[in-house]
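>>> Okay, structure incoming, though there's no sequence with it:
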């Protein structure tokens, strides 16, 4: 219904009717009380494009929308660091609009709106420069971004953590982690305080580049600040630690982070379980399962695939069979593959009776097991045609 109302407004404007600010205020006020905040910002963007500029009432409505989205504090903190002091609500709303359009990748639209907002003194020059630099970074034009940065400094504006973080992120994403590290050091030398995001970018970027010790070092630094990395950044570091046979370090860091309020996800435990399995530590695999259950972390297909495969790899087949019974919907294709993993493990052990028992149990429940990849030996003992089995892989 709200979408239709907005479309009607656009239709009327296209046919020569000029809608008042009061009309737009009424529309966005009603919508922001619903769960359609993205539409509120679309209408606000439309207003600026049509040069219908906000009143104090409009600003109050948009601030309420930011509160409802849970983004107000993030915007306030970001602008505090860019501008050096608290910005007026109207500036916060204008900067939020430009920032979210940039985040959507609509660089040209953001630049058009930014020019109009500057003309109306709705944003400060420092914020405008920072947003322009961000737009250049997003399209990969680092040279232009640095030129705008130099121009900003020549005009007497201060450097800020927002811009540095965006440069660090760009360098990390392209594997230029040494340059990213240098920028982080520059921030410290210039008295600029990094965001938690700044640390996340380096933790993830250094891990992806194989510089795990340095990644771990930044994880410890953010912990010393009383903060925690994101699951995405931490999981990237854990994955590399496990690949290098240092799963214990990853698990120890997880314990320290959880004491600081960090909440691991399913992927975190899946990575650690797989890491311990590579080293043959089946008991640690089971410990992690119980820890995950105790903390109430949801166990999905990813986790059970890791758990069952890891237990099989460690030779703990009875435990693997036990936990397989906890899978929410064993009939799903990805979950029936867990049965195939267990059957293959019993086959390697030479326990044909157990292979048949598991297979017959599945058949009795009507679950279909794909036997491709199980091998010729299993085809000989299972009650299926030989030709239905891919004998090339085992």
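Looks like it arrived, so ask away. Keep in mind the model is a prediction, meaning the values are calculated, not measured. Numbering: from 1, shown residues only.
>>> what's near enough to touch the spatially most central residue of the chain?
Nearest residue to the geometric centre of the chain (C-alpha atoms, centre = their mean): residue 232, 5.6 Å. Applying C-beta atoms under 8 Å, 6 or more residues apart in numbering to residue 232 gives the contacts 200, 204. In this view, the C-beta of every residue, glycine as well, is placed from N, C-alpha and C.
>>> Heading C-terminal from the helix or strand hosting it, find the next helix or strand.
Assessed by DSSP states H and E, residue 232 sits inside helix 231-243. Elements were assigned by DSSP H and E; along the chain past helix 231-243, the next helix or strand is helix 247-259.
>>> contacts for the helix or strand following that next one?
The helix or strand immediately downstream of helix 247-259 is helix 266-278, counting by DSSP H and E. Outside helix 266-278, the residues that touch it by C-beta under 8 Å, 6+ apart are 231, 234-235, 238-239, 241-242, 245, 247, 250-251, 254, 282, 284-285, 288-289, 291-292, 297-300, 302-303, 305-307, 309-311, 313-314.
>>> Counting neighbours, which bits of helix 266-278 end up buried?
266, 267, 268, 269, 270, 271, 272, 273, 274, 275, 276, 277 (16 or more other C-beta atoms under 10 Å).
>>> could these go into TSV alongside distance to residue 47 and pLDDT?
Conversion of the buried residues of helix 266-278 to TSV gives the following (distance: C-beta to C-beta, whole Å; pLDDT from 0 to 100):
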residue	distance to residue 47	pLDDT
266	42	93
267	41	95
268	44	96
269	47	95
270	47	95
271	47	96
272	50	96
273	52	95
274	52	95
275	53	95
276	56	95
277	57	94
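>>> could you dump the residues you listed to a markdown table with distance to residue 89?
Putting the buried residues of helix 266-278 into a markdown table (distance: C-beta to C-beta, whole Å) gives the following:
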| residue | distance to residue 89 |
| --- | --- |
| 266 | 40 |
| 267 | 39 |
| 268 | 39 |
| 269 | 43 |
| 270 | 44 |
| 271 | 43 |
| 272 | 45 |
| 273 | 48 |
| 274 | 49 |
| 275 | 49 |
| 276 | 52 |
| 277 | 54 |
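>>> and the closest residue to residue 36 other than its chain neighbours, what does it touch?
Leaving aside its sequence neighbours, residue 36 sits nearest to residue 2 (C-beta to C-beta, 6 or more residues apart in numbering; 5.7 Å). In this structure, residue 2 makes contact with 27, 30, 31, 34, 36, 39, judged by C-beta under 8 Å, 6+ apart.
>>> Any idea how many residues pack against residue 356?
16 (other C-beta atoms under 10 Å).
>>> which strands and helices sit next to the helix or strand that it is a member of?
Using DSSP H and E, residue 356 sits within helix 352-364. Contact partners of helix 352-364 among helices and strands, from 3 or more C-beta pairs under 8 Å, 6 or more residues apart in numbering; DSSP states H and E: helix 333-349, helix 376-381.
>>> quick one on the thing from earlier: quick check: the residue nearest to residue 36 vs residue 249, distance?
Noted for residue 2: a distance of 51 Å to residue 249, by C-beta to C-beta, to the nearest Å.
>>> Ok, residue 51 next?
Taking C-beta to C-beta, one finds residue 51 at 58 Å from residue 249.
>>> who has more neighbours, the two?
residue 249 (18 against 9).
>>> got a list of what the more buried one touches?
Residue 249 neighbours (C-beta under 8 Å, 6+ apart): 216, 241.
>>> ok, back up a step: counting neighbours, which bits of the helix holding residue 356 end up buried?
Buried, per 16+ other C-beta under 10 Å, within helix 352-364: 354, 355, 356, 358, 359, 362.
>>> just the buried residues of helix 266-278 now: which is nearest residue 193?
Using C-beta to C-beta, residue 268 comes nearest to residue 193 of the buried residues of helix 266-278, at 27.6 Å.
>>> Relative to residue 239, how far out is that closest one?
10 Å.
>>> list residues touching both of the two?
By C-beta under 8 Å, 6+ apart, no residue touches both residue 268 and residue 239.
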